[in-house]
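Student: what's the 3D shape of this:
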Amino acid sequence: MEELDNQLDLLHKGYKALSTKLLGWFETLVSMLPNFFLAIIVLIVFYFLAKAIKVGINRMLTRLVDNKNILDLATQIIFYVIMLVGTFVALGVLNLDKTVTSLLAGAGVIGLALSFAFQDLATNFISGVFLAIQKPIQIGDLIQTNNYIGYVKKIGLRAIDIENFDGQYVIIPSKEVFQSPLLNFNRLNHRRVNVPVGVSYGDDIEKVENLLYETIRDLDITKNDFSDVRIDFDGFGDSSVNFIVRFWINQCNQPSYHRAYTKAGIAIKKAFDANDITIPFPIRTLDFGIKGGEKLVEQLAILDKLDQIEQKKSQTRNSTDSEK
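Tutor: Below is the predicted model of the structure:
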């Protein structure tokens, strides 16, 4: 009987503790209902505020940035930042300041871990953002970077896609493009063509210079107002006197450059043929002397004399042996 009373007493105490706890939670919930509804109102206000700011920022950035990826990224970041601030304000209304502090600390730790884990991805991403804002290249531009040359097909946040002259599609990370020298052939409306030329040492150099100038100047590909034709001396070669013919064209694309280079080469060859100017083949001088400066004929003559002396000596020895 006493044992039953003890069990009933334990059940009564447990029920009383549970009811007290539930009652306390209910009273806390009732007391927090106004703050709860206020927190919901805060979230709703911040939501519509974020939407309005997102639209306004999008309209403003549309005038500055043409890249749709950048616009979407910027507006989404702004939207989520405002909503995050609204969430923290709502938690503060609910007197959950410790929760806010814990969330901020956790976000910092997670952000630090992610920054190490996705360092290259983040670098490419940020580089893509700067490329989109600065606009050093546009779709269709002919560029050269990281030992690749081709036409820009796509400008993304992570990578730049180009098509080279062999019809190959090359994807270059944005970090490599942003941190490396970039040659954009389409930024200017003109381009210089350099054609190396060599003539024989027996030709009149002044005549060659004037002929090159007149030949290139009369071509229709050099009809521009940027600069005159230049004929620059490029040194004495092994077999030729070398020049570089420099002229400008009004097109900057690669097909126009190659077409101008080809026309200039054909015109120079025809002009040289018409004026008996020689473009020499590679010439090699063979020196057969130990100290240098001796020709093959001279060396052969010396060898022939030595051979005759040896023959005479041999005949003398044979005669001596016969007499014995």
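Student: now the helices for the chain?
Tutor: Under the criterion DSSP state H, the chain contains helices at 2-62, 68-93, 97-117, 119-134, 174-179, 205-217, 254-274, 296-323.
Student: for the ones you listed, which has the smallest mean pLDDT value?
Tutor: Ranked by mean pLDDT, the helices of the chain bottom out at helix 97-117, with a mean of 61.
Student: count the neighbours of Tyr169 for me.
Tutor: Counted with other CB atoms under 10 Å, the neighbours of Tyr169 add up to 11. Quick note: C-beta positions are derived from backbone N, CA and C, even for glycine.
Student: tell me the contacts of the residue nearest to it when sequence neighbours are not counted?
Tutor: Closest residue to Tyr169 apart from its sequence neighbours, by CB to CB, 6 or more residues apart in numbering: Glu163 at 5.7 Å. If you count contacts by CB atoms under 8 Å, 6 or more residues apart in numbering, Glu163 has them with 150-151, 153, 169-170.
Student: who wins for neighbours among these?
Tutor: Of all the contacts of Glu163, Gly150 has the most neighbours under the rule other CB under 10 Å, reaching 22 neighbours.
Student: need the contact list for that residue.
Tutor: With contact taken as CB under 8 Å, 6+ apart, Gly150 is in contact with 142-143, 162-165, 170.
Student: let me know whether Val152 touches Asp161 as I believe.
Tutor: Yes - applying CB atoms under 8 Å, one finds Val152 in contact with Asp161, separated by 7.4 Å.
Student: tell me which of those two has more neighbours.
Tutor: Higher neighbour count among Val152 and Asp161: Val152, with 19 against 16, using other CB under 10 Å.
Student: wait, what's in contact with the more buried one?
Tutor: Residues in contact with Val152 (CB under 8 Å, 6+ apart) are 137-143, 160-162.
Student: how about it: what's its closest non-neighbour residue?
Tutor: Nearest residue to Val152, sequence neighbours excluded (CB to CB, 6+ apart): Asp141, at 4.9 Å.
Student: next, count neighbours for that neighbour.
Tutor: When neighbours are counted by other CB under 10 Å, Asp141 comes out with 19.
Student: again with Phe37
Tutor: Residues lying near Phe37 (other CB under 10 Å) number 11.
Student: repeat for the one 10 residues further on
Tutor: By the measure other CB under 10 Å, the count of residues near Tyr47 is 14.
Student: dump the contacts of Glu163 to CSV, plus pLDDT.
Tutor: Shown next, in CSV, are these (pLDDT from 0 to 100):
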residue, pLDDT
Gly150, 89
Tyr151, 89
Lys153, 89
Tyr169, 91
Val170, 91
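Student: circling back: you'd agree the residue nearest to Val152 is up against Asn186?
Tutor: Yes - using CB under 8 Å, Asp141 makes contact with Asn186 at a distance of 4.3 Å.
Student: got the contact list for Met83?
Tutor: Met83 touches 46-47, 50, counting by CB under 8 Å, 6+ apart.
Student: separation between the residue nearest to Tyr169 and Tyr151?
Tutor: For Glu163, the distance to Tyr151 equals 5 Å [CB to CB, to the nearest Å].
Student: go on, Phe46?
Tutor: 45 Å.
Student: for His190, same thing?
Tutor: Distance from His190 to Tyr151, by CB to CB: 19 Å.
Student: again with Phe36
Tutor: From Phe36 to Tyr151 the distance is 59 Å (CB to CB).
Student: how about the contacts of Met83 in a markdown table, adding distance to Gly265?
Tutor: Below are those laid out as a markdown table (distance: CB to CB, whole Å):
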| residue | distance to Gly265 |
| --- | --- |
| Phe46 | 69 |
| Tyr47 | 68 |
| Ala50 | 64 |
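Student: done for today, thanks.
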